[in-house]
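Colleague: what follows is a protein structure lacking sequence information:
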């Protein structure tokens, strides 16, 4: 069914926004409410993408400074367009942060840690740049169960194509459960590690509002959808149309859950 396997695609900010970015902007403020950090701190957003979490930090946390790091030029361009010089952006990967040791009070990563090629190295870097007593925290989607817009997609794709199982985030990111995140943060030397689940509603106006973002090619599921030939993509679309829980008014009401984790830097 699939023509060839493609890597994850993260290049075009506008397409990402219509797919997951709009929901990222809903969950970021709730993550910050859970962190409960005082004003006047120095923040670093690792894997800042199009700037959803950085924007929430500016709006809610009253920071002294905010830096953002991401390897995608396209995503950084979208972030700069929105946030300008209110955030200092750096193009780099999480495993080699261009930030001095012991220089950041709160290091966060929103919906990105699972995409870092070496997440333990990335977490070590996040810990390196944080001050003693500072906070390192992250959140990732619950791909196994409650990131429902993706869950419905992959379940439908798996019904039609065994190759889909190789790309399904449920399998790829099985090590990002609350228990595994706790162990990973503790293994990085962080203290008082806590986890929680954060849920938001993801309501789509109609089927097209749900389906069209998968045609943007940004993210794992959209990249898979655009690997398919037109006929196969049409079969997947119709399979989803039959499976999704559509309300009488045409809306599709789903839920997105993220697992959040935080720890304190020894010092």
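Modeller: Looks like it arrived, so ask away. The model shown is predicted, which means the values in this text are computed figures rather than measured ones.
Colleague: so is residue 197 in a helix, a strand, or just coil?
Modeller: Secondary structure state of residue 197, per DSSP: H, G, I helix; E, B strand; the rest coil, is strand.
Colleague: switch to numbering from 3
Modeller: All set: I'll call the first residue 3, so the last point we hit is now residue 199.
Colleague: once you drop chain neighbours, what's closest to it?
Modeller: Once flanking residues are discounted, residue 199 sits nearest to residue 259: 5.4 Å by CB to CB, 6 or more residues apart in numbering. In short, each C-beta sits where N, CA and C put it, glycine included.
Colleague: list the contacts of residue 46.
Modeller: 68, 69, 70, 71, 99, 101, 106, 108, 109, 110, 128, 131 (CB atoms under 8 Å, 6 or more residues apart in numbering).
Colleague: so residue 89 sits against residue 72, correct?
Modeller: No - contact criterion CB atoms under 8 Å: residue 89 and residue 72 do not qualify, at 11.0 Å.
Colleague: identify the contacts common to these two.
Modeller: Residues touching both residue 89 and residue 72 (CB under 8 Å, 6+ apart): 50, 81.
Colleague: name the helices or strands packed onto the host helix or strand of the residue nearest to residue 199?
Modeller: Assigned by DSSP states H and E, residue 259 belongs to strand 254-266. If you count contacts as 3 or more CB pairs under 8 Å, 6 or more residues apart in numbering; DSSP states H and E, strand 254-266 packs onto helix 24-37, strand 132-143, helix 150-162, helix 180-189, strand 193-206, helix 209-213.
Colleague: ok, 6 Å please
Modeller: For strand 254-266, the packing partners by 3 or more CB pairs under 6 Å, 6 or more residues apart in numbering; DSSP states H and E come out as helix 24-37, strand 132-143, helix 150-162, helix 180-189, strand 193-206.
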